[in-house]
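Trainee: Build me a model:
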Amino acid sequence: MYVCLCNGITDRDIEQAVADGALTLNEVKHRLGVSSQCGSCAETAQQVIDLCHSADPELYYQVA
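Mentor: Here you go, the predicted structure:
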């Protein structure tokens, strides 16, 4: 589904960004541009990120 209509970003795009190492909304925003225009997608984008983390709890414990 489309999460960010302004930039044409889907939930799968966000899931891939998280799988590639983006752990926060700011990191996903930097990689994809999600929530960089009107910002109305930020809450939904965060929910997708949270779902990714709950599917792989090891993401929370990565060492920088």
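Trainee: Look up how far residue 8 lies from the closest residue to residue 6 other than its chain neighbours.
Mentor: Using CB to CB, 6 or more residues apart in numbering and skipping residues adjacent in sequence, the residue nearest residue 6 is residue 37, 3.7 Å away. Every residue, glycine included, has its C-beta placed from N, CA and C. Separation of residue 37 from residue 8 (CB to CB, to the nearest Å): 11 Å.
Trainee: Ok, residue 32 next?
Mentor: For residue 32, the distance to residue 8 - CB to CB - is 10 Å.
Trainee: Show me which of the two is the more surrounded one.
Mentor: Shown here are residue 32 and residue 8; by other CB atoms under 10 Å, residue 32 has more neighbours (21 against 11).
Trainee: Can you name the residues in contact with stretch 40-59?
Mentor: With CB atoms under 8 Å, 6 or more residues apart in numbering as the test, stretch 40-59 has contacts from 3-6, 9, 11, 14-15, 18-19, 22-25, 28-29, 34-35, 60.
Trainee: buried residues in it?
Mentor: 41, 42, 44, 45, 46, 48, 49, 52, 59 (16 or more other CB atoms under 10 Å).
Trainee: Which members of those residues are positioned in helices?
Mentor: Among the buried residues of stretch 40-59, the residues falling in helices (DSSP state H) are 42, 44, 45, 46, 48, 49, 52.
Trainee: Tabulate those (a markdown table), appending pLDDT.
Mentor: Formatted as a markdown table, these follow (pLDDT from 0 to 100):
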| residue | pLDDT |
| --- | --- |
| 42 | 97 |
| 44 | 97 |
| 45 | 97 |
| 46 | 97 |
| 48 | 96 |
| 49 | 96 |
| 52 | 92 |
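Trainee: where does the protein dip in pLDDT?
Mentor: 56-64 (pLDDT under 70).
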